[in-house]
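3D model of this:
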Amino acid sequence: MNNINTVESFNNTSTKGNLIVGNEALIRNYDNTIPLKNIHLIFSADKPTNLIVDNIPISIKNGEVIALSTGQLLEYVSGSNLIVYRFNKEFYCIQDHDHEVSCAGTLFYNHFDLKSIQLSDRYITYFQQIHENILEEFKNTDSLNNEMLKVLVKQLIISLTRLIKAQQISKLPENSQNELLRQYNLLVEKKFRENHQVKFYAEALFKSPKTLSNTFKNFNTSPLQIIHHRIALEAKRLLSYSEKSFKEIAFDLGFKDPSHLSRLFKKEVGTSMLEFKKNRFKK
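Here you go, the predicted model:
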């Protein structure tokens, strides 16, 4: 995909929906202390790109794309010739429209398996076509502009989701396992603050805890690990950008006893919450 040298944007004044397409300038000033308010798709079209996402260094190579969800922490380190898509929930809400694109828990809000996606030459050509159609649509100003841009962005999202699922299917015996993991990730994203027990999620998905455990072994994880990882991730975000006390963070994440969160955090992150906060802002 060819780099874009200018920033193209669409704003719907009635819904406040916003779509912006540009290059690395759109993310260059992000400093990993303020959670993302918008969805981002970042394509590397040339040199490797280095980012820090939720305090984890990530490198995106040529021909790769990474999808970032609202709430994540992003810091741009280096890289050029990027193509960046950014849109808010008023333009297109991923979770509200999951029935249309089936990407929540897979492409977006898949916090336990965040990684870049390698595009084949065929997919690079395909996405280039979609990208050019989107840039062309920015030039239109009629009443169909809003819907047409949504259709094209949905096409992009669905194609990326299909690519991820195809890669997963080649490694797993049953496609149904991918969908179960996706639904579980999506439910954990919605409920992790109030519900910390696998039993709750198993019942909500009409599965037994044992079925979930056996299924997730194929993904080298467990239902409880996904819950704990999501809680620890949110704790890291709150420690990074908020001024809340440890007790307040524990309460926000559904813990009546802060020591329970402290133990979980130490086990997941490998350091205490106090040490994490000190090191996070050490110059």
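
now could you export just the CA positions of stretch 95-111 as CSV?
Output in CSV follows, covering the C-alpha atoms of stretch 95-111 (Å, rounded to 0.1, in the frame of the first residue of the first chain):
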residue,chain,number,x,y,z
GLN,A,95,-18.9,-3.5,19.6
ASP,A,96,-22.3,-2.2,18.6
HIS,A,97,-21.9,-3.5,15.1
ASP,A,98,-20.2,-6.8,15.9
HIS,A,99,-23.0,-8.7,14.2
GLU,A,100,-21.9,-7.1,11.0
VAL,A,101,-18.2,-7.6,11.1
SER,A,102,-17.6,-10.2,13.9
CYS,A,103,-14.2,-8.6,14.7
ALA,A,104,-14.5,-7.8,18.4
GLY,A,105,-12.5,-10.3,20.4
THR,A,106,-10.4,-11.1,17.3
LEU,A,107,-9.2,-8.1,15.4
PHE,A,108,-10.1,-5.6,18.1
TYR,A,109,-10.3,-6.1,21.9
ASN,A,110,-8.2,-9.2,21.8
HIS,A,111,-5.8,-8.1,24.5
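
touching it from outside, list them.
With contact meaning CB atoms under 8 Å, 6 or more residues apart in numbering, stretch 95-111 is reached by 39, 54, 67-69, 89, 94, 154, 157-158, 160-161, 164-165, 178, 181-186, 189-190, 229-230, 233. For every residue, glycine as well, the C-beta is placed using N, CA and C.

give me the subset of the residues you listed lying in helices.
Counting by DSSP state H, the part of the contacts of stretch 95-111 found in helices is 154, 157-158, 160-161, 164-165, 178, 181-186, 189-190, 229-230, 233.

for ChimeraX, write the selection for the buried entries among the residues you listed.
Applying 16 or more other CB atoms under 10 Å to these, the buried members can be selected in ChimeraX as follows:
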select :157,160,161,164,165,178,181,182,183,184,185,186,189,229,230,233
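
the helices in the stretch 1-150 of the chain, which residues?
98-101, 121-137, 145-169 (DSSP state H, counting those that start in this stretch).

and among the ones you listed, the most buried is which?
Burial of the helices of the stretch 1-150 of the chain is given as mean neighbour count (mean count of other CB atoms under 10 Å); helix 145-169 ranks first at a mean of 17.

tilt between that one and helix 121-137?
Helix 145-169 runs at 170 degrees relative to helix 121-137, counting by axes from the mean of the first three to the mean of the last three CA atoms, to 10 degrees.

show me what helix 145-169 is packed against.
Under the contact definition 3 or more CB pairs under 8 Å, 6 or more residues apart in numbering; DSSP states H and E, helix 145-169 sits against strand 8-12, strand 17-22, strand 82-87, helix 98-101, strand 117-118, helix 121-137, helix 175-191.

what's in contact with that helix?
Helix 145-169 is contacted by residues 10, 12, 15, 17, 19, 41, 65, 67, 85, 87, 91-92, 94, 97, 100-103, 106-107, 117, 119, 123, 126-127, 130-131, 133-134, 137-138, 140, 175, 178 when judged by CB under 8 Å, 6+ apart.

then stretch 187-199?
So stretch 187-199 is contacted by 95, 104-105, 109, 111, 200-201, 204-205, 209, 212-213, 223-224, 226-227, 230-231, 234, 252-254 (CB under 8 Å, 6+ apart).

please, a ChimeraX command that selects the buried ones among these?
Those of the contacts of stretch 187-199 that count as buried under 16+ other CB under 10 Å are selected in ChimeraX with:
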select :95,104,105,109,111,200,201,209,212,213,223,224,226,227,230,231,234,253
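
next, the contact list for residue 202, please.
Contacts of residue 202 by CB under 8 Å, 6+ apart are 208-209, 211-212, 223.
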